[in-house]
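> The following comprises the amino acid sequence and a computationally predicted model.
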Amino acid sequence: MAEKTRFDVLIVGAGHGGAQAAIALRQNKFAGTIGVVGEEPQIPYERPPLSKEYFSGEKTFERILIRPADFWREREIVMLTGKRIVAIDPVHHEAATADGETIGYGKLIWAAGGRARPLPVPGGDLPGVQGLRTHADAESMKAAAGAARQIVVIGGGYIGLEAAAVLAKTGKKVVLLEALDRVLARVAGVELSRFFEAEHRAHGVEVRLGEAVAAIEGDGRAAGVRLVDGGTVAADLVIVGIGIVPTVEPLLAAEAAGGNGVDVDEFCRTSLPDVYAIGDCAAHVSRFAGGARIRLESVQNAHDQATVAAKHICGIEAAYDAVPWFWSNQYDLKLQTVGLSTGHDQAVVRGDPATRSFSVVYLQQGRVLALDCVNAVKDYVQGRALVVSGAAVSAGRLADAATPLKELVG
């Protein structure tokens, strides 16, 4: 009988979190065997550029690799590409792949992230309807966009807006449909939403708000988007950016605590023995969300949690308490966010949005929760300390763009 493959640490997921977990293990002198299982055929690569520099052709695929192939070989990190883990046996410390292979582990780090949320309407699975989550998605979008005359983007979050920006820059007719009354409604205040709506319209994107999708129409391939109000928007390609579904089914089936993601403690441990979870799929308690349990879909979160889990495996207890930060590039605009604006009761604008360089500071009961900074790197860098400390600063002082934020700390 053939001997089963076994690793001292098995990492499930070859995205930012999985790659960083492997790197951090070696950086912290872990000498055991490490295996990284990834569903895609590629070794770990950066996902954010898929909807930006990679799609636009500014960067080749080699330039978005997290590390070259030699890096992993030199550190004896085994890449198991093209494999999907479908079940976990926490008693026997084994993981089963979709093709019937069993892989044993001493410790397991679940870094499987999530998959693009499908469009839950008739025709949502037609050819010509796609998400933008993987290298294959980006390649498919590139190929289809070439001949497309009109492209419909469904969803006004970061992914949808970034895709719309790249497509508009190539001269394509783009219609963006958002079901809510503003873009970025779940992650930003009204001021930022209206700014980006205006920017996209100025670049030729038809931004349509409050438009719910009823169905995708087409004979064998998407040809149009039918709206709940009965209207139809012609489409040669439909790009869906309505969030992700966390990939946690094998863990929940093994009776790990969780629901919307898998629950983890401050060291990224799940309720299963010797099983950690990090990144988009890990639900953790955050003081930056008022002590609520949240999932953060960001490279920063995946990277930092990976480091925490790796250190814990190496016997170093360093609890996860990183301030959340994000970024988004659209046209010549660089949006940088620090903190979580959810629950804010006041938004203060610093600078003039008409200059295309300004910040929005979010407060809750007079204390700084978060900042959205558009082409305002200094505010972003200096504002971090205000978020970390939950500084109490008057709206008037925050609004004075002539006063550097570093002078308001303490």
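Arrived safely.
> Look up how far Met79 lies from the nearest residue to Glu62 once chain neighbours are set aside.
Spatial nearest neighbour of Glu62, excluding adjacent residues (CB to CB, 6 or more residues apart in numbering): Pro68 at 7.9 Å. Where C-beta positions appear, they are placed from N, C-alpha and C, glycine not excepted. If you measure Pro68 against Met79 using CB to CB, to the nearest Å, the figure is 12 Å.
> and those two? which has more neighbours close in?
For Pro68 versus Met79, the count of surrounding residues by other CB atoms under 10 Å is larger for Met79: 20 against 11.
> ok, what's across the strand from the more buried one?
According to DSSP bridges, the residues that bridge with Met79 are Val36.
> what sits against it?
Going by CB atoms under 8 Å, 6 or more residues apart in numbering, Met79 touches 14, 36, 38, 43-44, 69, 72.
> helices or strands up against the helix or strand hosting Gly18?
Taking DSSP states H and E as the definition, one finds Gly18 inside helix 16-27. Based on contacts counted as 3 or more CB pairs under 8 Å, 6 or more residues apart in numbering; DSSP states H and E, the elements that helix 16-27 packs against are strand 5-12, strand 34-37, helix 299-313.
> the inter-axis angle of that helix versus strand 5-12?
Our comparison of helix 16-27 with strand 5-12, counting by axes from the mean of the first three to the mean of the last three CA atoms, to 10 degrees, yields an angle of 130 degrees.
> Just the strands from the stretch 201-350 of the chain, written as ranges.
Counting by DSSP state E, counting those that start in this stretch, the stretch 201-350 of the chain has these strands, from start to end: 206-209, 213-217, 224-227, 232-234, 237-240, 244-246, 258-259, 261-263, 275-277, 282-286, 292-294, 325-330, 333-339, 346-350.
> Take the ones you listed and lay them out in JSON lines including distance to Val377 and mean pLDDT.
As requested, the strands of the stretch 201-350 of the chain are exported to JSON lines (distance: least, CB to CB, whole Å; pLDDT from 0 to 100):
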{"stretch": "strand 206-209", "distance to Val377": "27", "mean pLDDT": "98"}
{"stretch": "strand 213-217", "distance to Val377": "37", "mean pLDDT": "97"}
{"stretch": "strand 224-227", "distance to Val377": "38", "mean pLDDT": "97"}
{"stretch": "strand 232-234", "distance to Val377": "37", "mean pLDDT": "96"}
{"stretch": "strand 237-240", "distance to Val377": "30", "mean pLDDT": "95"}
{"stretch": "strand 244-246", "distance to Val377": "28", "mean pLDDT": "94"}
{"stretch": "strand 258-259", "distance to Val377": "37", "mean pLDDT": "94"}
{"stretch": "strand 261-263", "distance to Val377": "32", "mean pLDDT": "97"}
{"stretch": "strand 275-277", "distance to Val377": "33", "mean pLDDT": "98"}
{"stretch": "strand 282-286", "distance to Val377": "25", "mean pLDDT": "96"}
{"stretch": "strand 292-294", "distance to Val377": "26", "mean pLDDT": "93"}
{"stretch": "strand 325-330", "distance to Val377": "11", "mean pLDDT": "92"}
{"stretch": "strand 333-339", "distance to Val377": "7", "mean pLDDT": "96"}
{"stretch": "strand 346-350", "distance to Val377": "13", "mean pLDDT": "96"}
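> So which of the ones you listed is nearest Arg117?
Judged by CB to CB, the one of the strands of the stretch 201-350 of the chain that comes nearest to Arg117 is strand 244-246, at 5.3 Å.
> Name every strand pairing with whichever strand or helix holds Ile109 and say which way it goes.
Taking DSSP H and E as the definition, Ile109 sits inside strand 102-110. Strand 102-110 sits in its sheet next to strand 5-12 (parallel), strand 94-97 (antiparallel), strand 275-277 (parallel), going by DSSP bridges.
> How many residues are close by Ala31?
10.
> Surely Ala138 is within a helix?
Yes - remark: Ala138 belongs to a helix, assigned using DSSP: H, G, I helix; E, B strand; the rest coil.
> For it, which non-adjacent residue is spatially closest?
For Ala138, the spatially nearest residue (CB to CB, 6+ apart) is Leu50, at 4.4 Å.
> and Arg226, bridged to which residues?
Ala215, Thr232.
> just to revisit the earlier point, mean neighbour count for the helices and strands packed on helix 16-27 - can I get that in a markdown table?
Listed next are the helices and strands packed on helix 16-27 as a markdown table, based on neighbours: other CB atoms under 10 Å:
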| stretch | mean neighbour count |
| --- | --- |
| strand 5-12 | 23 |
| strand 34-37 | 24 |
| helix 299-313 | 24 |
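> possible to save those as JSON lines with distance to Thr355 and mean pLDDT?
Listed next are those as JSON lines, based on distance: least, CB to CB, whole Å; pLDDT from 0 to 100:
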{"stretch": "strand 5-12", "distance to Thr355": "45", "mean pLDDT": "97"}
{"stretch": "strand 34-37", "distance to Thr355": "45", "mean pLDDT": "98"}
{"stretch": "helix 299-313", "distance to Thr355": "28", "mean pLDDT": "97"}
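> now for the helix or strand hosting Val153, which elements pack on it?
For Val153, the host element (DSSP H and E) is strand 150-154. If contacts are counted by 3+ CB pairs under 8 Å, 6+ apart, strand 150-154 sits against helix 158-169, strand 173-178, strand 232-234, strand 237-240.
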